[in-house]
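# This is the structure alone, sequence omitted:
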């Protein structure tokens with residue numbers, strides 16, 4: 001029998017790492033191979049955090065645009081931070097970069113990625129795994 005010392009939701013660390021400012025409108029998208037986790041904030045308040053499966057880049061674009069519409073977040077005024085398994089040469093990145101005005105990579109704490117093996121890939125690849133302690 002294992003004693004449970006603490007029980008927290010699996011998104012707790014993500015939310016904790018993302019709520020550091022009062023940006024008017026922002027979204028965070030953490031990409032994995034076939035799904036992403038999207039969180040949306042208005043003036044520092046969490047509006048939504050959910051996992052979405054995707055097969056093509058348009059799936060993600062549709063979800064982002066739908067979230068923006070449903071939560072009254074003007075797309076051209078919303079900063080969208082990307083992290084995880086997204087490559088700048090991929091159709092996913094190119095589609096989102098074209099249609100989303102302020103689509104940027106998640107800022108990373110470089111000190112967390114000092115080990116030599118991290119240098120082989122862009123640091124935003126590791127943000128969901130290390131930066132948020134998920």
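That came through, no problem. Predicted, not measured: the structure shown is a model, and the values here were computed from it.
# Residue 37 - that's part of a strand, no?
Yes - when DSSP: H, G, I helix; E, B strand; the rest coil is applied, residue 37 is found to be in a strand.
# so it bridges to which residues?
Assessed by DSSP bridges, residue 37 has beta-bridge partners residue 30, residue 51.
# I'd like to know how many residues surround it.
Residues lying near residue 37 (other Cβ atoms under 10 Å) number 20. C-beta: built from backbone N, CA, C; applies to glycine.
# what about the helices in the chain?
Applying DSSP state H to the chain gives helices spanning 12-18, 57-70, 91-99.
# who wins for proximity to residue 45 among these?
helix 12-18 (11.1 Å; Cβ to Cβ).
# avg pLDDT for the closest one?
Average pLDDT, helix 12-18: 67.
# cool, and stretch 93-111?
Here the average pLDDT along stretch 93-111 is 87.
# What residues sit buried inside it?
Neighbour counts over stretch 93-111 (16 or more other Cβ atoms under 10 Å) mark 93, 95, 96, 100, 103, 105, 106, 108 as buried.
# Near residue 76, how many other residues are there?
Neighbours around residue 76, by other Cβ under 10 Å: 9.
# Ok, residue 30 next?
Around residue 30 there are 26 residues (other Cβ under 10 Å).
# Would you mind putting the helices of the chain into JSON lines with distance to residue 49 alongside?
Compiled in JSON lines, the helices of the chain are given as follows (distance: least, Cβ to Cβ, whole Å):
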{"stretch": "helix 12-18", "distance to residue 49": "7"}
{"stretch": "helix 57-70", "distance to residue 49": "11"}
{"stretch": "helix 91-99", "distance to residue 49": "19"}
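# out of those, which comes closest to residue 35?
helix 57-70 (9.8 Å).
# What is that closest one packed up against?
If you count contacts as 3 or more Cβ pairs under 8 Å, 6 or more residues apart in numbering; DSSP states H and E, helix 57-70 packs onto strand 25-31, strand 35-42, strand 45-53, helix 91-99.
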